[in-house]
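> Structure here, sequence nowhere to be found:
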């Protein structure tokens, strides 16, 4: 235990570290500088498909007192995991095979601490070399590291094995190849901390050991050393579950409201109903093959694919990554006729009512093709896949692959098993490796970029934590690299994605935050390339003044706040487990309007939540009238599987929900019109995105506040350009203008 004074000191130090946690890079027009040391080929060649389960939790409906009590103080929530490594159903050391590591070696702890703070502050203004601005950790290694052999390669150690992995634990010696750069004892320390990609760990190499200096890898004699070890990426295995059905079913009774899952390869498939055919899947040509002919004359080579996407922007981004694997790695092209595609992927959403049944209905025509003996790979991906898991195979045995959101980048490996005639389920919670796929973008002006996956909030109505898992942030450097790749390809706008984007970086070691990321991207992306940075979605509980300041002051970050409030009733918000009140939400809105008066404010609202009274619904209308949202996404509450609120007995009737939904929609449209009218008569810059589908002589673009604007113009001439437009007409959700 720590004394009160020690705790105070520790808290002060932690606050200093938090304030220092920003890594600001300036960039080159190309992103090659950061990737020169990173051998992606080694990882790809090492990843093969193996494919697990365990976890527990309890939850119950609110008591009668809880539905009428005032909002309670925040309590510790130890009933679900908040760290990715704690949410695994498979042990970390069984799952993580290795890591790509860089390090900075120093002789004293004080210098090491100073170096870490320097790295986090990212004071790059004084850097003359552009490569240094792209990679501050590499500069730190070149300037300070005592390791002569690695410092000129940005501190590169390379891929190291996890000595606690089952394949390596019985070895007499591990990591011989890198032993001249880093002691195996330091590597052991690192893996004992269960690192993730993006973590920077301070580790000590102690020359004097209890064994009396008997370390044959002691390449620096008897000197103690300190290492800053940066884990750039992980190599993660697929672990095949060996638990029988009864064991898994018994375990799942304790998994309520958490992410569950299993990885399984079913090698012996039963014949299908109808004609009694054995399911057939096509074969795939891996990247690097020079021709698409079936060399052994057996089987059908997959050549076309179709992806049907439903749901949120995160699903759209996932579909782009899936298409990237299929086109770039497996040489497929989009099918002209989806009904005849060789590979069909349904990327599903489980937010809306009857989502599962809609998926089963959509599978029908493709399942019929499988029963007729056609060589088709039928895949269900996304949130319904994660939610239903192996049950999907039992309901629709024609399905070849059930792919959870955390396995999108591994599609190519899993299809290798499918091509052998196996069925595969990949839904076991895992640690995310950096995605090496090259997404096939659905647009050529704007693009989506995932920055954080999953959510830790466990709102009582929401399926996201159960289907997308615990929060996992991408390292800043990789987010920058994706932005720079897009800039080089001519994109003008990026939207940063996260279910709870304000939580960005809190799972990293040391912690980062979203405001730091905004500053970093704004400063690092070269002028004249990407003009606009947007983001979704914020959470009022974590929204900070620093984000407001960033949006108000940074030239590339658009003046648009998406702030879901869900309800205006404090009791409803408490029962939703949202973590804020009517008044605390309005304090945020007041700050936004003071610091960024021209910004748009958008939101989400749910009506008819269990137990919502007329008075509580009126508070929702009161909040809408105070804010006057530029745009509002409106929903009637729908019970979802594996959520707490779905089990409560105080459900609202469909008639009442429908009536309340119509009321908020009418009020939202009224406010939308008021917010649109402020633009009439002004001239504003519009980034042109598309043709107006209803008027081929017009183009469509957006304001920085994300309002759609339609005006006459040639799309071939104007697409991707920013045009000055005078607004002449206001509509509830759009504007009409004319070029100046």
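Received, thanks. Quick caveat, the model's predicted, so the values are computed rather than measured.
> which parts of the lengthiest helix in the chain are buried?
Longest helix of the chain, by residue count under DSSP state H: helix 654-677. Buried residues in helix 654-677, defined by neighbour count with 16 or more other C-beta atoms under 10 Å: 657, 660-661, 663-664, 667-668, 671-672, 675-676. Placement of C-beta: from N, CA and C, glycine included.
> can I get those residues in a markdown table with pLDDT and distance to residue 151?
Output for those, formatted as a markdown table (pLDDT from 0 to 100; distance: C-beta to C-beta, whole Å):
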| residue | pLDDT | distance to residue 151 |
| --- | --- | --- |
| 657 | 97 | 63 |
| 660 | 98 | 64 |
| 661 | 98 | 62 |
| 663 | 98 | 65 |
| 664 | 98 | 60 |
| 667 | 98 | 62 |
| 668 | 98 | 58 |
| 671 | 98 | 58 |
| 672 | 98 | 57 |
| 675 | 97 | 55 |
| 676 | 98 | 57 |
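> Give me the pLDDT for the residue positioned nearest the centre of the chain.
Residue closest to the average C-alpha location in the chain (C-alpha atoms, centre = their mean): residue 453, at 2.6 Å. The model reports residue 453 with a pLDDT of 95.
> Give the closest residue to it in space, chain neighbours not counted.
residue 472 (5.0 Å; C-beta to C-beta, 6 or more residues apart in numbering).
> Cross-check the contact I'm expecting between the one you found and residue 452.
Yes - using C-beta atoms under 8 Å, residue 472 is in contact with residue 452, at 6.9 Å.
> and the residue nearest to the centre of the chain, how far is that from residue 404?
11 Å (C-beta to C-beta, to the nearest Å).
> re the thing from before, quick one: residues contacting the residue nearest to the centre of the chain.
Listed by C-beta atoms under 8 Å, 6 or more residues apart in numbering, the contact partners of residue 453 are 405-406, 432, 468-469, 471-472, 498-499.
> The nearest residue to residue 376 once chain neighbours are set aside: neighbour count?
Nearest residue to residue 376, sequence neighbours excluded (C-beta to C-beta, 6+ apart): residue 369, at 5.2 Å. As a burial measure, residue 369 scores 17 neighbours (other C-beta atoms under 10 Å).
> Quick check: phi and psi at residue 369.
phi -60, psi -40 (degrees, to the nearest 10).
> Quick check, it in contact with residue 375.
No - Residue 369 is beyond contact range of residue 375, at 9.3 Å (criterion: C-beta under 8 Å).
> Between the two, which contacts overlap?
In contact with both residue 369 and residue 375: no residue, using C-beta under 8 Å, 6+ apart.
> Pull the number of nearby residues for the closest residue to residue 719 other than its chain neighbours.
Leaving aside its sequence neighbours, residue 719 sits nearest to residue 688 (C-beta to C-beta, 6+ apart; 5.5 Å). By other C-beta under 10 Å, 24 other residues sit near residue 688.
> pretty sure residue 688 belongs to a strand, no?
Yes - assessed with DSSP: H, G, I helix; E, B strand; the rest coil, residue 688 lies in a strand.
> Okay, it and residue 724: tell me how far apart.
Going from residue 688 to residue 724 by C-beta to C-beta gives 12 Å.
> Ok, residue 156 next?
Relative to residue 724, and taking C-beta to C-beta, residue 156 is found at 48 Å.
> Those two: who's more crowded?
residue 156 (23 against 11).
> how deep is the residue nearest to residue 453 tucked in, by neighbour count?
Neighbour count for residue 472, taken as other C-beta under 10 Å: 23.
> What are the phi and psi values at it?
According to degrees, to the nearest 10, residue 472 has phi -140, psi 110.
> Numbering from 52 from now on, please.
Yep, numbering from 52; the last one is residue 523 now.
> show me the contacts for it.
Counted by C-beta under 8 Å, 6+ apart, residue 523 has contacts 135, 247, 482-483, 503-505, 558.
> so where's the protein uncertain?
Within the chain, the stretches with pLDDT under 70 are 52-130, 173-177, 180-181, 259-273, 293-309, 338-349, 404.
> ok, now with 50
52-89, 91-129, 261-268, 270-271, 343, 345-348 (pLDDT under 50).
> hang on, residue 151 in a strand?
Yes - counting by three-state DSSP, residue 151 is found in a strand.
> Helix or strand: which one has residue 189?
Using DSSP states H and E, residue 189 sits within helix 187-195.
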